[in-house]
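Undergrad: One predicted model, sequence on top.
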Amino acid sequence: MAQAPLLQLSGIGLGFGGNPLLDGLDMNVQPGDRVALVGRNGSGKSTLMKIMAGLVEPDSGTRTLPPGMSVGYMEQDPDFAGFATLGDYAMQTLDPSEQWRVDIAAEGLEFDPDLEPSKASGGERRRAALARLLAEAPDLMLLDEPTNHLDITAIHWLEERLRETRAAFVLISHDRAFLRALTRATLWVDRGQVRRREAGFDGFEEWRDKIWAEEDDARHKLNRKIKAEARWAVEGISARRKRNQGRVRALADLRAERAGQIKRQGTAAMAFDAAPPSGKLVAELDSVSKSYGDRTILQDFSLRVMRGECVAMIGPNGVGKTTLLRLMTGQEQADQGAIRLGTNLQTAVFDQTRAQLDPNSSLWENLTGDPLMAVSGQADQVMVRGQPRHVVGYLKEFLFDESQARAPVRSLSGGEKARLLLARIMAQPANLLVLDEPTNDLDVETLDLLQDLLGSFDGTVLLVSHDRDFIDRIATTTLVFEGEGHVTAYAGGWSDYLAQRSETAAPATAPMPKAQAKPVKEAKSAKPKALTFTESHRLEKLPAEIARLEAEIVKLEELLSDAELFTREPVKFRKATEALTQRQTSLAAAEEEWLTLAERAEAG
C-alpha cells in the first residue's frame with residue numbers, strides 16, 4: 001500500500017510580473033525522500049522551498065501537510081532579535097532537557113553557542129540556524145545552501161548526520177560532491193516548471209542536456225512548420241485562404257505557441273584576460289613561520305609555486321588559509337623565514353567577503369566607480385580588457401537585466417553578487433588569480449564555465465575552497481592545513497590527497513613530504529657539488545638580468561601593439577618581432593638557470 005505524502009503541492013502558481021516563476025506545479029515529497037532541488041540562479045528554487053515551508057503564499061494552488069507532520073526550514077537570514085546567544089536561538093522551540101541536541105550540533109558545525117548574535121559573523125549565524133533545524137528533528141527538513149560557510153570537516157559531519165537520519169529532506173546546494181553523496185531523487189526548476197527524476201544528482205546534467213536537446217529539436221520542427229504554413233498563406237491567394245480559414249487560424253496558433261515558449265537563460269559570457277606572462281617563479285616561501293599571539297598559523301613552512309600551477313588550500317575555518325594567501329601575495333610579512341615573489345605579477349582578487357562591492361551603491365556605480373574600470377569623461381562606459389564598453393551591455397554578459405543596473409548591490413542574491421564580483425576581476429588583465437571561496441552561491445552551469453576558464457587560464461591560480469569537486473577539477477597541488485602550524489602539500493586535488501594520505505601509516509597531523517615544495521636534501525652519495533665562485537657570482541647577478549629582460553619585453557610588446565606599425569614601418573616591425581622572440585628565449589633560459597643554481601645552492 002502506497003504511503004501518503006509528507007507534503008503535497010497542487011496547481012501552484014506564482015509570478016512577480018513577466019514570465020511566471022512557477023506555473024501549475026504539482027509535486028509530492030514522500031517519507032524518506034532525499035531530494036536535490038536544482039536549477040539556475042533566479043529560477044525560483046529558494047522561493048519554491050519557502051512555499052514548501054509555508055513561508056510564502058502562492059498566487060494559486062494548495063499546500064497540503066498531513067496532521068501531525070512537521071516541516072523545518074533552515075533560514076538564510078535568521079532573525080536573532082530577542083535572543084542573547086546563538087544557543088538561545090537554536091533552543092527556542094526545545095525543552096531545556098534537550099540542550100544536548102544543540103550542543104552536539106554546535107560541536108559538529110564548529111560554532112560557539114554562547115556567542116552573542118551581534119558579535120557573530122554571517123557564517124556563524126547561519127550555522128546556528130542549521131543547528132536549530134537539526135536539533136528540532138522535523139519529519140521533513142528543507143535546507144537551502146547548508147554547506148555555505150562550512151569547512152570540509154563540518155561538511156563531512158553534516159553529510160554523516162543527514163545520511164543517518166530517518167527524516168526526509170530537500171537540499172539546495174552548489175556542492176556536487178555533497179549532492180551526489182546524499183540524494184536519491186532530483187527536482188529541477190526550469191522556466192516555471194518542475195521536473196522530477198527518480199535518481200540522485202549524479203547523472204542530472206546528462207538528463208538535463210538530453211531534455212534541452214529534445215526541446216531544441218522540437219523548436220526546430222515547429223519553426224519549419226510555421227515557415228511552410230506561412231508560405232502557403234501568402235501563395236494561396238485570397239480565394240483559397242477563404243476556403244481554409246481553419247488552416248489560417250492554425251498558423252496563428254503555431255505562432256502563438258512559439259511566442260509563448262520561454263527562452264532558456266544562457267551562460268554568463270565570462271572570460272579571463274591573461275596579462276603578459278609572469279616570471280617562471282611566482283612565489284617561494286623558505287622556512288616561513290607566522291603567528292598571532294599564541295596562535296600559530298604556519299610553522300617552518302616551505303613551498304615553491306611556479307607559473308601555470310593551481311594551488312588549492314583546504315582546512316578548517318580560521319586555520320589561516322587567507323593569511324597564507326596574503327603572505328604569498330606580499331600583503332603580509334612573515335615572522336620568520338623568507339618570502340620571494342616572482343616578477344611581472346599582475347594580480348586579480350576574488351574576496352569571499354565581497355568587500356570590494358559597495359552594498360549601498362548600484363551595480364552601475366560599482367563598475368564605473370572602480371578606478372581600474374573607469375573611462376575618463378564617460379559616465380556610462382567601463383574599460384574591459386583594454387576596450388571601452390557600455391556598462392549595461394557588459395552587465396548583460398553576466399546575466400543581469402537592464403532594470404538591475406541601477407539597483408543597489410544589497411538587493412542581489414548571493415549568486416548575483418558573486419557574478420558581479422567576477423565581472424569586476426575579469427575586466428582587468430591578470431596572470432595571478434587569488435580566489436577566496438569563489439564557488440559560494442554559484443549555480444552548477446556557472447561553476448562549469450568557471451572551471452573551464454580556470455582550466456585554460458595561462459597564468460597561476462591560488463584558491464581557497466571547501467568544494468571538493470571544484471578542487472578535484474582544477475587543482476595541481478593541494479595544501480592541507482592540519483593544525484598547529486602544520487601545512488602539507490599533496491600533488492593533485494581533493495581525491496588525490498585522500499589517496500596519498502591513505503597510502504601512508506603516518507599520523508594525520510604529522511608533516512608529510514611536500515609536493516611542489518622545495519627539494520629535499522639528497523643522500524650524501526647523490527649530493528650535488530657546491531657552487532663554484534663563478535656560479536655563485538652568476539646566481540647573484542641573474543635576478544637583475546631577468547628583470548632587465550622582462551622590462552625590454554614589455555617595451556617591445558608596447559611597440560608591437562601599434563596595429564599600423566607593420567604597414568607604416570615594416571622593417572622596424574620585423575626587427576622588433578625578432579628582438580621580442582630573442583628576449584623571450586633569453587628570459588626562459590635565465591629563469592631556468594637561476595632555478596638550477598638556486599636548488600644546488602640550497603642542497604649544498
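TA: Right, received. Where do you want to start?
Undergrad: Run through who's touching stretch 32-39.
TA: If you take CB atoms under 8 Å, 6 or more residues apart in numbering as the criterion, stretch 32-39 is touched by 6, 29, 45, 48-49, 162, 166, 168-173, 179, 182-190, 200-201, 204, 443-444. Backbone N, C-alpha and C define where each C-beta goes, glycine included.
Undergrad: Now list the buried members of those.
TA: For those, a burial check counting by 16 or more other CB atoms under 10 Å picks out 6, 29, 45, 48-49, 162, 168-173, 179, 182-183, 185-190, 200-201, 204, 443-444.
Undergrad: So what pairs up with Val170 in the strands?
TA: Val35, Leu142 (DSSP bridges).
Undergrad: secondary structure class for Thr325?
TA: Wrong residue type there; residue 325 is Leu, not Thr. The three-state label given to Leu325 by DSSP: H, G, I helix; E, B strand; the rest coil is helix.
Undergrad: That one reaches Val461, doesn't it?
TA: No. Under the criterion of CB atoms under 8 Å, Leu325 is not in contact with Val461, lying 11.4 Å apart.
Undergrad: Would you report which members of the buried ones among the contacts of stretch 32-39 are assigned to strands?
TA: With strands defined by DSSP state E, the entries of these inside them are Val29, Ala168, Phe169, Val170, Leu171, Ile172, Ala185, Thr186, Leu187, Trp188, Val189, Asp190.
Undergrad: Need the nearest residue in space to the last one, chain neighbours excluded.
TA: So the one you mean is Asp190. If the residues on either side of it in the chain are set aside, Asp190 comes closest to Gly39, at 5.9 Å by CB to CB, 6 or more residues apart in numbering.
Undergrad: likewise Gln378?
TA: Counting by CB to CB, 6+ apart, Pro388 is the residue found nearest to Gln378 once chain neighbours are left out, at 6.6 Å.
Undergrad: What separation is there between the one you found and Trp364?
TA: Distance of Pro388 to Trp364, given as CB to CB, to the nearest Å: 15 Å.
Undergrad: swap in Gly44?
TA: 26 Å.
Undergrad: More neighbours: these two, which one.
TA: Gly44 (23 against 18; other CB atoms under 10 Å).
Undergrad: Report the contact partners of that one.
TA: Leu14, Leu21, Leu22, Val189, Gly192.
Undergrad: rerun that using 10 Å as the cut-off
TA: 14-16, 20-22, 25, 50-51, 189-192, 194 (CB atoms under 10 Å, 6 or more residues apart in numbering).
Undergrad: likewise Ser495?
TA: So Ser495 contacts Ala177, Arg468, Asp469, Ile471, Asp472, Thr478 (CB under 10 Å, 6+ apart).
Undergrad: Mind listing the shared neighbours of Leu325 and Val461?
TA: Joint contacts of Leu325 and Val461 (CB under 10 Å, 6+ apart) are Val311, Val434, Leu435.
Undergrad: Just list the residues touching the second one, thanks.
TA: If you count contacts by CB under 10 Å, 6+ apart, Val434 has them with 322, 325-326, 328-329, 331, 347-351, 425, 460-464.
Undergrad: Just give the nearest non-adjacent residue to it, would you?
TA: Val349 (4.6 Å).
Undergrad: average pLDDT across the helix or strand that the residue nearest to Gln378 is a member of?
TA: Using DSSP states H and E, Pro388 sits in strand 387-390. Average pLDDT, strand 387-390: 86.
Undergrad: Just the buried residues of stretch 272-287, please?
TA: 272-275, 277-286.
Undergrad: Could you point out the helix or strand that follows the strand holding Pro388?
TA: helix 391-397.
Undergrad: Next secondary structure after that next one?
TA: Using DSSP H and E, the first helix or strand after helix 391-397 is helix 414-425.
Undergrad: any idea of the angle the helix or strand just after that next one forms with helix 414-425?
TA: Next in sequence after helix 414-425, counting helices and strands by DSSP H and E, comes strand 432-436. Per axes from the mean of the first three to the mean of the last three CA atoms, to 10 degrees, the angle that strand 432-436 makes with helix 414-425 is 160 degrees.
Undergrad: Given strand 432-436, what are its sheet partners and their directions?
TA: Strand 432-436 has the following strand partners under DSSP bridges: strand 347-350 (parallel), strand 460-464 (parallel).
Undergrad: and among the ones you listed, the most buried is which?
TA: Comparing these by mean neighbour count (mean count of other CB atoms under 10 Å), strand 460-464 comes out on top with a mean of 24.
Undergrad: so which of the contacts of Ser495 comes closest to Ser291?
TA: Nearest to Ser291 among the contacts of Ser495 is Thr478, at 23.7 Å by CB to CB.
Undergrad: In contact with the nearest residue to Leu432 once chain neighbours are set aside, which residues are there?
TA: With CB to CB, 6+ apart as the criterion, Leu432 has its nearest non-adjacent residue at 4.6 Å, and that residue is Thr347. Residues in contact with Thr347 (CB under 10 Å, 6+ apart) are 275, 278, 329-331, 341, 425, 428, 430-434, 459-460, 462.
Undergrad: Same check on Arg161?
TA: Ile104, Ala105, Gly108, Leu109, Leu134 are the contacts of Arg161 under CB under 10 Å, 6+ apart.
Undergrad: Just give me how far the helix or strand hosting the third one sits from the chain centre.
TA: When secondary structure is defined using DSSP H and E, the element that contains Gly108 is helix 99-109. Average the C-alpha atoms of helix 99-109, do the same for its chain, and the two points are 29 Å apart (CA atoms, centre = their mean, to the nearest Å).
Undergrad: Just say helix, strand or coil for the residue most central in space within the chain.
TA: Residue closest to the mean C-alpha point of the chain, counted by CA atoms, centre = their mean, is Thr439 at 1.9 Å. Using three-state DSSP, the structure places Thr439 in coil.
Undergrad: who touches Glu540 in this structure?
TA: Counted by CB under 10 Å, 6+ apart, Glu540 has contacts Leu597.
Undergrad: Looking at the protein, which helix is longest?
TA: helix 570-603 (DSSP state H).
Undergrad: What helices and strands are in contact with that helix?
TA: With contacts taken as 3 or more CB pairs under 10 Å, 6 or more residues apart in numbering; DSSP states H and E, helix 570-603 sits against strand 281-292, strand 295-306, helix 533-560, helix 565-568.
Undergrad: which one of those is the most hemmed in?
TA: strand 295-306 (a mean of 20).
Undergrad: Could you check the angle that one makes with strand 281-292?
TA: 180 degrees.
Undergrad: which helices and strands sit right next to strand 295-306?
TA: strand 281-292, helix 321-328, strand 336-341, strand 460-464, strand 477-481, strand 487-491, helix 570-603.
Undergrad: which one of the contacts of Gly44 sits closest to Gly318?
TA: Lys50 (31.5 Å).
Undergrad: now the closest residue to the closest one other than its chain neighbours: how far from Leu37?
TA: Take Lys50 and drop its neighbours on the chain: the residue closest to it by CB to CB, 6+ apart is Val56, 4.1 Å away. Per CB to CB, Val56 is found 15 Å from Leu37.
Undergrad: Mind checking which of the two has more residues around it?
TA: A count of neighbours by other CB under 10 Å puts Leu37 above the other of Val56 and Leu37, at 24 against 14.
Undergrad: how close does that one get to Leu357?
TA: In terms of CB to CB, Leu37 sits 27 Å off from Leu357.
Undergrad: in what helix or strand does Trp157 lie?
TA: Per DSSP H and E: helix 152-164 holds Trp157.
Undergrad: can you pull the contacts of the closest residue to His174 other than its chain neighbours?
TA: Excluding the flanking residues, the one nearest His174 by CB to CB, 6+ apart is Leu442, at 5.7 Å. Neighbouring residues of Leu442 by CB under 10 Å, 6+ apart: 41, 174, 268, 414-415, 418-419, 422, 448-450, 467, 470.
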